[in-house]
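Novice: here's a sequence, model it:
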Amino acid sequence: MKIFRYIIVLYLILITISLNAQELKGRITEKNEKGELAPIAGANIYWVGINIGTTTNANGEFILKRAGKNNHMLVVSFVGFKSDTLHVEHDHTFIEHSLVQDVYLDNLTVKGYSSGAHFQRLNTLSAQVVTKNELQKAACCNLSESFVTNASVDVSYSDAVTGAKQIQLLGLAGTYTQLQAENIPILRGLGSTFGLNFVPGSWMESIQISKGTASVANGYESITGQINIEYKKPMGEEKFYINTYTNDEAMSEVNANYGFTVTDKLSSMVLAHAEYSQNRVDHNMDSFLDHPLVRQYNLFNRWNYHSDKLESQFGIKYLQEERVAGNLKYKSGDIITPGNPFGIDVSIKRFETFSKVGYIFDRPETTIGLINSISHHDQESIFGLKNYDASQLSYNSNLIFITYIGTTNHILKTGLSLNLDNYNEKLNTLNLDRKEVVPGGYFEYTYKFFEKFTFMSGIRYDYHNKYNGFVTPRAHIRYQPFEQLTLRSSVGKGFRSASIISENSYLLASSRNIIISEAPKMEEALNIGLNATQRYKLFNRELTISTDYYRTDFNNQIVVDMNQDVNSIYFYNLKGKSYSNSFQVEVSYQPFERFDVTAAWRLNDVKTTINGKLEQKPLLSKYKGLISLGYKTALKKWQFDYSIQFNGGGNLPDMSGYPVDLQRKSTFAPYTIMNAQITKYFRKFEVYLGGENLTDFMQKNPIISPNDPYSPYFDASMVWGPITGRKIYVGIRMTIFK
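Specialist: Numbering: from 1, shown residues only. Now for the predicted structure:
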């Protein structure tokens, strides 16, 4: 633990030094119909001639790195408005600028209203930003509920008992998607099981979703894409915010944050979350709780320090959660033995801290930064007759240096990284203790020709103490032949070391034996993607069509085999083919002022070689359709949001070995989910009332043999649809601005 103490001391030293560089802050607005200044979300802000740029958030605010003393020209642009080039003196730290609508732009009439989600036009990657406005279209209690109106990301229950949820991107499990919080890796290993519940929705300012492999600077683990969370900032507009929520099943939670300024250079924010759900519900009368009993407390304190040349960030989080599930009669601490009620008991304590330190040179496009993070996850759990206790201490460090070659059109990014993971993991008598140490380095070259063309190519080398060295090459191209069309392509490899039990702990909610057939190898895959985003004018309003196709081919994958034996689950390295094809079309349109319409359709073709046979991935819908509607009345007094999901059918694991009375069909049928919410705005607070799964659709009998949970056939892991029915909720949000 000495190294842990040394690193904490280093963090405290670094916070007095700084992060990232001198920054320019500002706010971009427009005049609405009443002549008042209204924020513009998604406006592009960048320095002339170089690649330093950003976009405004839902409040029209931005933070942008300085480009050096010799570069003062700042471009501000947004579709439907005249672009402006501003001269910003080096000693200016804040600007506020109002854009003017371009009423002559291809006869396109654009009103002062921005939707809650948008594609980043200038980003080399295929990236979509989900703003706070979009997140508030649903209850969004945590990260797992943040994708209700998003077509790309699916969220489903992992099993029918524990309440754990998992995301899917490009038809593959969320473990192949890199999760980050402000470019810091999060929820790896043990944190992946219940981690989506560890990020409160009210803490988030926005979410960026990118498909395909990410930049090599972010590591080697991204295979299907990347989800990056931006938390609320101490220097933001909010002084105090509170959000209270409750639903018809007596689940309640409170979220709050308080931001304050210590000096003109030092600011801080405290964020808090509490969740309480202790009502025993069993709507389907199978004697098992429909959802777990949960107590969670979550605290986050972050600091920001900035001076003329330096800036730093430091944060610390602590979470504690108690989760009880199983038979209606089971109570935490009861002895679990055949004849007594079946129970699941999970206790989690999690600590995280991070720091960011950086410096920007006077030479344009030349910066250096250091990002460090530490997390400790401790879990004690009982899944019926299975005892699973585990802890994980992780350290991540990333040193980044950026400069240009010749001219600022040629950017070089290079750096060093270090990942340390120390696992103490035990399932009954199976000991899975291990240490993983992965130092690495990378180079990335970017060529940019104004806003028309960008080519980014990178390569990194990492050395794993168990799997030896490996090379990760990646390349991205963005081409904009004309303003209304943006084309992107990407190709790259990704690697990851699987944490077999924690990433599949939902399988512990069954009587099956866990058998790891051979020593697992590193997972390795190649991802190729194409994207086209086209903007049209229809009845003088902008219509956006985004089409993409991604294919993922695995060279090695840890296969989860539930077909070989009904009483066992086998884990082994891939022996054959495994791939995913994902094709998606998304259309966004505003038929009239303040009314947003999004429609999308996605096809999934995911196959894996299981027990020597190439089969469709079980428990996965073959397609998904989405229609999302949102309307705000004039002066933003009311807001109405509605979404409907069309989920395709799919395959189930082979159940021919089960007794006849327990067997299920080999496939499941398509189903539809509807959600709606109404929000009433007042001067300083808002009230929202909503419903989830309004059709009350539930997967019938999701648990196999619930009446005999100690039999060899008990299984709660075969979940493909909702396991809870209609849910009605109400909440209040209140904001006090600085």
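Novice: only C-alpha atoms from now on, for both contacts and neighbour counts.
Specialist: Will do.
Novice: now the strands for the stretch 101-250 of the chain?
Specialist: In the stretch 101-250 of the chain, the strands defined using DSSP state E, counting those that start in this stretch lie at 117-119, 127-131, 153-157, 165-169, 172-173, 177-181, 184-185, 204-211, 225-231, 238-247.
Novice: may I have the strands that pair with the strand or helix carrying residue 96, each with its orientation?
Specialist: According to DSSP states H and E, residue 96 maps onto strand 94-98. Partners of strand 94-98 in the sheet, by DSSP bridges, are strand 23-31 (parallel).
Novice: now do the contacts for the residue nearest the centre of the chain.
Specialist: The centroid of the chain falls nearest to residue 227 when counting by C-alpha atoms, centre = their mean (3.8 Å). When contacts are counted by C-alpha atoms under 8 Å, 6 or more residues apart in numbering, residue 227 touches 177, 178, 179, 180, 207, 208, 209, 210.
Novice: let's go with 10 Å and repeat that
Specialist: For residue 227, the contact set (C-alpha atoms under 10 Å, 6 or more residues apart in numbering) comprises 127-129, 153, 169, 174, 177-183, 185, 207-211.
Novice: buried subset of those residues?
Specialist: Listed as buried from the contacts of residue 227 are 127-129, 153, 169, 174, 177-181, 185, 207-211; burial here means 16 or more other C-alpha atoms under 10 Å.
Novice: my guess is residue 327 contacts residue 703, does it?
Specialist: No. Using C-alpha atoms under 10 Å, residue 327 is not in contact with residue 703, being 11.6 Å away.
Novice: joint contacts of those two?
Specialist: With C-alpha under 10 Å, 6+ apart as the test, residue 327 and residue 703 both reach 161, 286, 288, 709.
Novice: can I get the residues you listed in JSON lines with distance to residue 439?
Specialist: Shown next, in JSON lines, are the shared contacts of residue 327 and residue 703 (distance: C-alpha to C-alpha, whole Å):
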{"residue": "161", "distance to residue 439": "39"}
{"residue": "286", "distance to residue 439": "50"}
{"residue": "288", "distance to residue 439": "46"}
{"residue": "709", "distance to residue 439": "45"}
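Novice: nearest to residue 664, of those?
Specialist: Within the shared contacts of residue 327 and residue 703, the smallest distance to residue 664 is 16.6 Å, found for residue 286 (C-alpha to C-alpha).
Novice: what sits against that closest one?
Specialist: By C-alpha under 10 Å, 6+ apart, the neighbours of residue 286 are 327, 328, 701, 702, 703, 705, 706, 707.
Novice: what about the spatially closest residue to residue 388 that is not a sequence neighbour, neighbour count?
Specialist: The shortest distance from residue 388 to any non-neighbouring residue, by C-alpha to C-alpha, 6 or more residues apart in numbering, is to residue 427 (4.6 Å). Counted by other C-alpha atoms under 10 Å, the residues lying close to residue 427 total 17.
Novice: can you check residue 633 too?
Specialist: For residue 633, the neighbour count with other C-alpha under 10 Å is 12.
Novice: got it, and residue 43?
Specialist: Per other C-alpha under 10 Å, the neighbour tally for residue 43 reads 26.
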